[in-house]
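Student: sequence? don't have it. structure:
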């Protein structure tokens, strides 16, 4: 682990410790017997539904990546399925340090450049954000969210998200169509005071623009939009299945509530520690308790179960597939870190 990642790990650890401390201070009367009682009454059939939907979403990720690669490499969904499971298992085990393992494995397997697959990963993130933003916008059509005390702030946040997506899309389109011009423009602005940096930026913009050659026809664009939207609907229903595995007040949550809950988990996931998570669970628990008014013990139990089903459940399958494919996650992580250092 390089110094940059150690620094990031330290900052995340401090932030999570502070959040945990604040949670403990606000929950001085946490009832552990009530927590276990709530957990014991979970319907494991609903949990299985959540697991199945989560795994199906990983399959759709492989389908989407195949569509991304269509202009540069003819491959199959089956070939890209293993990298999805292994990559997300590495992300769960290693935290954000494992984020680039998935594009690295795909680059090696399909004999493509690592930089080009980082570009695909970047476009994938935009499609993810866009699909979630559409789901959130559709949720506002339902009256279910209007009773929330933070409804106004939620709408404002959704507008900011949509604006961010528009800016990212415009940036991607500009680099895709005029990568050389953008590279030359940035090179000209930087070369006078940092020649090496200017050359480095120029190379990276050119490599990124070549990697953006992922959508060459309207049919592929429609397929990518459709797959992304269906995938995030499946994830929303996975949240719905897990929350409705508990009897009582959690069953009052509707699909629009689940979309909001999913969004809070996504924001919290920016503060993640390897294997133990942290930010995602805390954000989910906080939304359930402070946002939806669910009792603390039930919110904690559900938050942990949601994290296990929608994020950590990929580990057994990922490790099994890695063993079958003769892939060492540690070795791949070291190789990816070296490749990323060379790409910087």
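Tutor: It's in. Predicted model, so just to flag it, every value in this text is computed and none were measured. Numbers count the residues shown, from 1 in each chain.

Student: So which residues of the chain form strands?
Tutor: Assigned strands in the chain, in chain order: 272-273, 277-278 (criterion: DSSP state E).

Student: what is the mean pLDDT for the last one?
Tutor: Mean per-residue pLDDT for strand 277-278: 56.

Student: measure stretch 321-330 end to end?
Tutor: Taking CA to CA, to the nearest Å, the first and last residues of stretch 321-330 lie 14 Å apart.

Student: ok, residues contacting that stretch?
Tutor: With contacts defined as CB atoms under 8 Å, 6 or more residues apart in numbering, stretch 321-330 is touched by 82, 85, 86, 89, 90, 93, 94, 98, 101, 105, 319. The way it works is simple: take the backbone N, C-alpha and C, and place the C-beta from them, glycine included.

Student: cool, stretch 84-91 as well?
Tutor: Residues outside stretch 84-91 that contact it (CB under 8 Å, 6+ apart): 58-59, 61-62, 65, 98-99, 101-103, 105, 314-315, 317-319, 321-322, 325, 327, 329, 332-333.

Student: Please indicate which of the residues you listed are buried?
Tutor: Neighbour counting by 16 or more other CB atoms under 10 Å classes 58-59, 61-62, 65, 98-99, 101-103, 105, 314-315, 317-319, 321-322, 327, 329, 332-333 among those as buried.

Student: so what's the most centrally placed residue in the chain closest to, chain neighbours aside?
Tutor: Note on the chain: the residue nearest the mean C-alpha position is residue 266, at 6.6 Å, using CA atoms, centre = their mean. Sequence neighbours aside, residue 132 is the residue nearest to residue 266 in space, at 7.2 Å (criterion: CB to CB, 6 or more residues apart in numbering).

Student: Please apply the same query to residue 58.
Tutor: Distances taken as CB to CB, 6+ apart put residue 84 closest to residue 58, at 5.1 Å, once the chain neighbours are dropped.

Student: And the contacts of stretch 48-59?
Tutor: Under CB under 8 Å, 6+ apart, the answer for stretch 48-59 is 77, 81, 84-85, 88, 231-232, 234-235, 237-239, 241-242, 245, 309-310, 313-314, 317.

Student: Could you pull up the residues touching residue 310?
Tutor: By CB under 8 Å, 6+ apart, the contact set of residue 310 is 50, 54, 235, 238, 239, 242, 265.

Student: does the last one really touch residue 283, like I thought?
Tutor: Right, residue 265. Yes. Applying CB atoms under 8 Å, one finds residue 265 in contact with residue 283, separated by 5.8 Å.

Student: Could I get the contacting residues of residue 179?
Tutor: Going by CB under 8 Å, 6+ apart, the list of residues near residue 179 reads 205, 206, 208, 209, 210, 212.

Student: what does the model give the spatially closest residue to the last one that is not a sequence neighbour for pLDDT?
Tutor: It stands for residue 212. In space, not counting the residues next to it along the chain, residue 212 is nearest to residue 176; the distance is 4.3 Å by CB to CB, 6+ apart. Taken from the predicted model, the pLDDT recorded for residue 176 is 78.

Student: Also residue 342?
Tutor: Confidence per residue is given as pLDDT, and for residue 342 that number is 57.

Student: same question, residue 227
Tutor: Each residue has a pLDDT score; the one for residue 227 is 96.

Student: likewise residue 70?
Tutor: At residue 70 the predicted local distance difference test score is 89.

Student: The residue lying closest to it once chain neighbours are set aside: neighbour count?
Tutor: Setting aside the residues directly before and after it, residue 70 is nearest to residue 220 in space (CB to CB, 6+ apart), at 6.2 Å. Around residue 220 there are 15 other residues, counting by other CB atoms under 10 Å.

Student: could you measure residue 220 against residue 203, distance?
Tutor: The span separating residue 220 from residue 203 equals 27 Å under the rule CB to CB, to the nearest Å.

Student: same question, residue 93
Tutor: Residue 93 sits at a distance of 32 Å from residue 203 (criterion: CB to CB).

Student: Looks like residue 332 contacts residue 104 (just checking).
Tutor: Yes. With contact taken as CB under 8 Å, residue 332 and residue 104 are classed as touching, separated by 6.6 Å.
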